[in-house]
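Participant: Fold the following.
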Amino acid sequence: MPGMQIPFDHPSLSRIVDDLATHGWSQQTLFLPESLTRALAAECRKRAAEGELAPAGVGRGPAQEVREGIRGDHIQWLEPGEADACDRYLELMDSLREAMNRGLFLGLEDFECHFALYPPGAFYRKHLDRFRDDDRRTVSAVIYLNEDWLPEHGGQLRMSLKGDVERDVQPTGGCLVVFLSGEVPHEVLPAHRERLSLTGWFRRRGNEPF
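Facilitator: Residues are numbered from 1 along each chain as shown. Below you'll find the model as predicted:
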């Protein structure tokens with residue numbers, strides 16, 4: 001498959017930059033080609049079948065623990081060179097990183113990302129993506145990998161926006177949601193069927209000593 005690096009001024013990336021500047025979040029309903037969405041979903045299910053996805057923890061470092069009453073997803077972090085579809089997605093996210101740096105001067109240095117599989121009934125309580133003791137996570141990005149998702153399947157991303165406004169996003173395949181990690185509280189509502197996504201964070205240089 002060809003690479004996914006695209007120009008930083010591509011219209012789809014420019015829309016995201018403009019949305020972040022104006023609203024602090026952006027939703028692009030058909031961001032990925034269908035073929036790449038399916039390939040990523042297949043890779044996620046393959047890893048799950050091979051037992052590579054583990055219950056996600058809450059917190060950071062030594063204090064991290066699995067708490068199913070807060071979140072019930074199973075995850076595995078992506079590393080370059082593991083799968084062609086994953087590498088294509090990481091290339092695309094690097095294009096977005098460059099676009100946000102040029103348009104918003106965020107100083108984003110890297111992107112970390114993991115598969116997230118929510119079994120039926122799983123959810124994630126309301127939270128912020130930025131840790132209290134680590135301010136590197138600056139912009140969150142979630143791409144959904146679910147075919148034929150219907151509202152009655154649940155699993156919506158619910159963002160709490162300014163002015164006490166709640167915005168629900170259906171986790172339909174190819175849809176990308178991007179938001180400011182330290183400013184948008186959000187939750188995942190209970191899913192009634194298996195729910196797949198890639199969840200990641202663009203990070204700037206941290207305030208921790210080297």
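
Participant: Number of residues surrounding the nearest residue to Ala85 once chain neighbours are set aside?
Facilitator: Counting by CB to CB, 6 or more residues apart in numbering, Ala85 lies nearest to Ala39, which is 3.7 Å off, once chain neighbours are set aside. Where you see a C-beta, it was placed from the backbone N, CA and C, and this is true even at glycine. Residues within reach of Ala39, counting by other CB atoms under 10 Å, total 20.

Participant: Quick one: classify Ala39 as helix, strand or coil.
Facilitator: helix (DSSP: H, G, I helix; E, B strand; the rest coil).

Participant: For Lys126, the count of nearby residues, please.
Facilitator: 12.

Participant: and the closest residue in space to Thr29 that isn't next to it in sequence, what does it touch?
Facilitator: By the measure of CB to CB, 6+ apart, the closest residue to Thr29 outside its immediate chain neighbours is Cys175, 5.2 Å from it. When contacts are counted by CB atoms under 8 Å, 6 or more residues apart in numbering, Cys175 touches 27-31, 143-144, 169.

Participant: Kindly spell out which helices and strands sit in contact with the helix or strand of the chain with the lowest mean pLDDT.
Facilitator: Of all helical and strand segments in the chain, the minimum by mean pLDDT, DSSP states H and E falls on strand 54-55, at a mean of 89. Judged by 3 or more CB pairs under 8 Å, 6 or more residues apart in numbering; DSSP states H and E, the packing partners of strand 54-55 are strand 74-77.
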